[in-house]
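*Asks:* got a sequence here, can you build the structure:
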Amino acid sequence: MLFYLTDSLIVAQTDTTYKNIYKAIQNISLQVIDSRHLLTGDFKVIEHFRTVFKENPIIGPLFNDLYQNFSTKGVPEQLTFYIEVVLKNPTKRTEGTKTICQKSYSHFLTLDHILEARIVCEDLYDAEFYKYILSWFIQTKGCNCSFAFHNQGGGGVNISRTVKEELSKKHITLCIVDTDKKYESCPYDLNGTYGKCLSVGLTADEYKLLPIEVHEVENLVPLNFIDIAFPLYTKKNANDQRHKKHFDYLKKDAENLLPFFDYKKGIRKDELFEKNSEYRNFAKKCYILNDEKIKEEEDFDTYVDRLDSKEVYPNLIGGTGTIKMALDLINGSSCPQPNLLTFQNDNWMKIGQTMLDWCISRDTESIH
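*Replies:* Sure, this is the predicted structure:
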């Protein structure tokens, strides 16, 4: 995250706040030097702390670099959120596209409060995939930016509990969670993972809850990644290949169906299917695009009545398979550029921007 030092922090050595301000800026600076955050500020305050830390062999070079290269060390254009460090009376404001949250120097007297951002999501694999999205966003935007974060797995349904734990320690935290939408007009389940997170951390400015408007993170995997990785990951198993063929029929209306299709479970004849007409209609839309199924039975309701199993429409692959095979491709030597559907691009841009705001850091080049 970017921390912006304000002139209000300039006080005399005889001031009662001087030692604590020194400690707070020292804590922030050490984390910036370790490439966990980014630092800038008003010219006078940079000049001031350059003098204050002049004899400090670790922190001194940081402020000397900020001073010598002040014209290139401002707030990056690409950021939409950052924190100003002030003496007292913190506020929050918006300037153009940027939201600036002020925090008193006293918040940073504990080093633990300035650790690199915690990224909380339902699975550790998810955070690795989001890391790729952030790298893609930086490349797409042409940013000269570095980033750092700690991958803090949320434990699935316990994600709200994990967030509470991180915020109790006043950690900088970004929670990315899917909204489990099963069809376009599907309401949020207040008892679901996202619903349980809605009431957490409402007053913590260093925390953000980022919902992704799809069923699950799998829905954001580029289709060209799936096409390449699926046969390798499944070793061309015949049953898996059958599932992939059924999945491919949905590409005919990808923008309207693939944000909500359950890659892990497919569509099943469960309570939701039986009682919710909108979900059943979504299932019908999937069915009528499937040439094989329509050839066997044109009428969807007749097809459902004749089912001798719970499977209305087969899944792609169970568990974390879709994400794992995408990561295998990403971490390999021949990963292509992602071909994104519109809904995927929209979510990727939102994820990339928010992660950049929360995770931007100084590059790892030496400043000594």
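*Asks:* when you work out contacts or count neighbours from here on, use the C-alpha atoms and nothing else.
*Replies:* Fine.
*Asks:* phi and psi next, for L190.
*Replies:* The phi and psi values for L190, taken as degrees, to the nearest 10, are phi -70, psi -20.
*Asks:* for the closest residue to it other than its chain neighbours, give me the pLDDT.
*Replies:* Leaving aside its chain neighbours, L190 sits nearest to K196 (6.2 Å; criterion: CA to CA, 6 or more residues apart in numbering). You'll see K196 listed with a pLDDT of 91.
*Asks:* again, but for the one 4 residues further on
*Replies:* According to the per-residue confidence, V200 scores 92 in pLDDT.
*Asks:* go on, C143?
*Replies:* For C143, pLDDT reads 89.
*Asks:* that one contacts Q78, doesn't it?
*Replies:* Yes - if you go by CA atoms under 8 Å, C143 and Q78 touch, sitting 7.3 Å apart.
*Asks:* of those two, which one has the most company?
*Replies:* When C143 is set against Q78 and neighbours are counted by other CA atoms under 10 Å, the residue ahead is Q78, at 17 against 13.
*Asks:* contact partners for that one?
*Replies:* By CA atoms under 8 Å, 6 or more residues apart in numbering, the residues touching Q78 are C143.
*Asks:* any idea how far it lies from M1?
*Replies:* Distance, Q78 to M1, using CA to CA, to the nearest Å: 13 Å.
*Asks:* which stretches in this structure count as strands?
*Replies:* Here the chain has its strands, by DSSP state E, at 2-5, 38-41, 81-86, 92-95, 98-104, 118-121, 146-147, 150-153, 173-178, 207-212, 267-268, 311-313, 360-361.
*Asks:* packing partners for the worst-scoring helix or strand of the chain on mean pLDDT?
*Replies:* Ranked by mean pLDDT, DSSP states H and E, the weakest helix or strand in the chain is strand 150-153, scoring a mean of 87. Secondary-structure packing of strand 150-153 (3 or more CA pairs under 8 Å, 6 or more residues apart in numbering; DSSP states H and E): strand 118-121, helix 124-141.
*Asks:* how about a cut-off of 10 Å?
*Replies:* Judged by 3 or more CA pairs under 10 Å, 6 or more residues apart in numbering; DSSP states H and E, strand 150-153 is in contact with strand 118-121, helix 124-141, helix 159-168, strand 173-178.
*Asks:* would you mind writing the CA trace of that strand as PDB?
*Replies:* What follows is strand 150-153, C-alpha atoms only, in PDB (Å, rounded to 0.1, in the frame of the first residue of the first chain):
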ATOM      1  CA  HIS A 150       0.800 -12.300   2.300                       C
ATOM      2  CA  ASN A 151      -1.400 -15.200   1.000                       C
ATOM      3  CA  GLN A 152      -3.700 -15.800   3.900                       C
ATOM      4  CA  GLY A 153      -6.100 -18.600   3.100                       C
END
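*Asks:* list the buried ones in it?
*Replies:* Within strand 150-153, the residues that count as buried by 16 or more other CA atoms under 10 Å are 151-153.
*Asks:* now do stretch 286-300
*Replies:* The neighbour-count check on stretch 286-300 (16+ other CA under 10 Å) flags 286-290, 293, 300 as buried.
*Asks:* again with stretch 344-358
*Replies:* For stretch 344-358, burial by neighbour count (16+ other CA under 10 Å) applies to 344, 347-358.
*Asks:* repeat for stretch 107-122
*Replies:* By neighbour count on 16+ other CA under 10 Å, the buried set for stretch 107-122 is 108-109, 113-122.
*Asks:* just to revisit the earlier point, helices - which of the buried residues of stretch 344-358 land there?
*Replies:* Judged by DSSP state H, the subset of the buried residues of stretch 344-358 located in helices is 344, 347-358.
*Asks:* flag the shaky bits of the stretch 151-300 of the chain, pLDDT-wise.
*Replies:* Applying pLDDT under 70 to the stretch 151-300 of the chain flags residues 154-156.
*Asks:* quick one, helices of it?
*Replies:* Along the stretch 151-300 of the chain, counting by DSSP state H, counting those that start in this stretch, helices occupy 159-168, 193-197, 223-234, 238-249, 254-257, 271-275, 277-288, 291-296, 300-306.
*Asks:* how about those in CSV, adding distance to I330?
*Replies:* Formatted as CSV, the helices of the stretch 151-300 of the chain follow (distance: least, CA to CA, whole Å):
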stretch, distance to I330
helix 159-168, 26
helix 193-197, 27
helix 223-234, 9
helix 238-249, 20
helix 254-257, 23
helix 271-275, 35
helix 277-288, 29
helix 291-296, 32
helix 300-306, 39
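*Asks:* right, and those helices - which one's nearest G332?
*Replies:* Each of these has some distance to G332 by CA to CA; the shortest is helix 223-234, at 10.6 Å.
*Asks:* what residues does the closest one touch?
*Replies:* Residues from elsewhere that reach helix 223-234, judged by CA atoms under 10 Å, 6 or more residues apart in numbering: 235-237, 240-241, 244, 248, 251, 254, 316-317, 321-330, 335-341.
*Asks:* ok, 7 Å please
*Replies:* Helix 223-234 is contacted from outside by 240, 325-326, 329, 338-339, using CA atoms under 7 Å, 6 or more residues apart in numbering.
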